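Engineer: Next comes the sequence, and after it the predicted model I'd like to discuss.
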Amino acid sequence: MSFGADDSLSAQTPAYNALRIQTSTNGMVIPVVFGTTRVTANIIWSGDFTATAVQSSGGKGGANSSGTSGWVYSDSFMLAICEGPIAGFGQVWENKSIWTAIASAGLTGFLGSYSQSPWGYLTTKYPAQALNYPGIAYVCASNFNLGNNDSVPNF
């Protein structure tokens, strides 16, 4: 590339076509929790990653023009927490944010009973993948807004 070349294409944020995952480890030990403790989640299912262009308007000298000014992303996922059954979920850390309830963080929780039902989102959209994960406490989110980042936040 030379000086003075048109850099307008390189200035645009690319639309990612895949999700970057915090962890998803096959064979990872499932934590057993006694009392209250902070546990790192392990992604056990992810799907429906979507990149949506953000349109901007306006232009030089009052002329109207529209173009892509960036991208926003969303994803649906399940995060295994620990061996269940558990009494409940306490605070939720999402990167540096702290939520006092999983619903405030945009998550749905399953306490890990051996008779728990599969996540309704999977039952509806992906029935062949709708497992109930007996004895595993997990949280999940459908169409979770990732903002302009192409990865699930650290929970």
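Structural biologist: The structure has been received and is ready for your questions.
Engineer: which residues of the chain fall in helices?
Structural biologist: Assigned by DSSP state H, the chain shows helices spanning 120-125.
Engineer: Low-confidence ranges, it, go.
Structural biologist: Where the chain drops to pLDDT under 70, the residues are 1-26, 56-68.
Engineer: One more pass at 50, please.
Structural biologist: Filtered on pLDDT under 50, the chain yields the residue ranges 1-11, 62, 64.
Engineer: tell me the strands in it, going along the chain?
Structural biologist: For the chain, applying DSSP state E gives strands covering 42-58, 65-83, 92-94, 97-99, 108-110, 136-147.
Engineer: Turn the ones you listed into CSV, columns for mean neighbour count and distance to Ala128.
Structural biologist: Quick note: C-beta positions are derived from backbone N, CA and C, even for glycine. Conversion of the strands of the chain to CSV gives the following (neighbours: other Cβ atoms under 10 Å; distance: least, Cβ to Cβ, whole Å):
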stretch, mean neighbour count, distance to Ala128
strand 42-58, 15, 12
strand 65-83, 18, 15
strand 92-94, 17, 30
strand 97-99, 13, 32
strand 108-110, 19, 19
strand 136-147, 19, 17
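Engineer: Between these, which one is closest to Asn154.
Structural biologist: Asn154 lies closest, by Cβ to Cβ, to one member of these: strand 92-94, at 7.4 Å.
Engineer: List the neighbouring strands of that closest one plus their orientation.
Structural biologist: Here strand 92-94 is paired, per DSSP bridges, with strand 97-99 (antiparallel).
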